[in-house]
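Novice: coords below, sequence missing:
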C-alpha cells in the first residue's frame, strides 16, 4: 500500500498519475491478473469456476467446457428456423416498436417483452445495435 502511494507521489500526485495514465495501467494489470487467477482456478468463484457437488457440499472445479453435440446444434438451428417462420408476420412490427421506444429514450422493457414473443435474440440485438451502437472496449 505504501509503495503504491510512493509511486503516485513520484508521478506528481494524483493529477500527475492521471495525466500519465498510471491508474488506468494499474487497473488493467490487476484485471488481467484477476482473470488469469479465475481462469486457472487459483481464485475459486462459486458458480463461475467452482460448483457445489451433487450432495451440496464438496466443491468441484470445472475442468472442461461443456460442448453441445452435433444433434443438439442442429435441433437448435431447426427450432430457430421454425420460430422465425411462424412469427414472420409479427417480428417486423415488434422490432420497429422496440427501435422507436429506444430512440425516444423510453423504458424499453414492455417493448422488449413483446419482442421476445416473436423475435430471436439476434434480431433484437441487431435492432438495438442499430439504434444505440455497439460497445467496443478500447485496449
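Specialist: That came in fine, so what should we check first? Every value quoted in this text rests on a predicted model; they were computed, and no experiment measured them.
Novice: Show me the helices in this protein, by range?
Specialist: Ranges of helices in the chain, per DSSP state H, are 2-10, 13-19, 22-40, 70-86, 88-103, 109-115, 121-132.
Novice: What angle do helix 22-40 and the first one make with each other?
Specialist: It stands for helix 2-10. Inter-element angle recorded for helix 2-10 and helix 22-40: 150 degrees (by axes from the mean of the first three to the mean of the last three CA atoms, to 10 degrees).
Novice: same question for helix 2-10, mean pLDDT?
Specialist: The average pLDDT within helix 2-10 is 87.
Novice: List the buried residues of that helix.
Specialist: Within helix 2-10, the residues that qualify as buried are residue 8, counting by 16 or more other CB atoms under 10 Å. Placement of C-beta: from N, CA and C, glycine included.
Novice: Any chance you could list what contacts it?
Specialist: 14, 16, 17, 22, 26 (CB atoms under 8 Å, 6 or more residues apart in numbering).
Novice: And the third one, by the same measure?
Specialist: With contacts defined as CB under 8 Å, 6+ apart, helix 22-40 is touched by 4, 7, 8, 11, 17, 43, 45, 48, 49.
Novice: any weak-confidence spans in the chain?
Specialist: In the predicted model, the chain carries pLDDT under 70 at residues 57-65, 137-139.
Novice: Including distance to residue 120 and neighbour count, could the contacts of helix 2-10 go into TSV?
Specialist: Shown next, in TSV, are these (distance: CB to CB, whole Å; neighbours: other CB atoms under 10 Å):
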residue	distance to residue 120	neighbour count
14	48	12
16	50	13
17	47	19
22	45	18
26	41	14
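Novice: Out of those residues, which two sit at the greatest distance?
Specialist: For the contacts of helix 2-10, the maximum inter-member distance is 14.1 Å, found between 16 and 26 (CB to CB).
Novice: per-domain residue ranges of the protein.
Specialist: Split into domains by automatic domain parsing, the chain comes to 2-61, 70-132.
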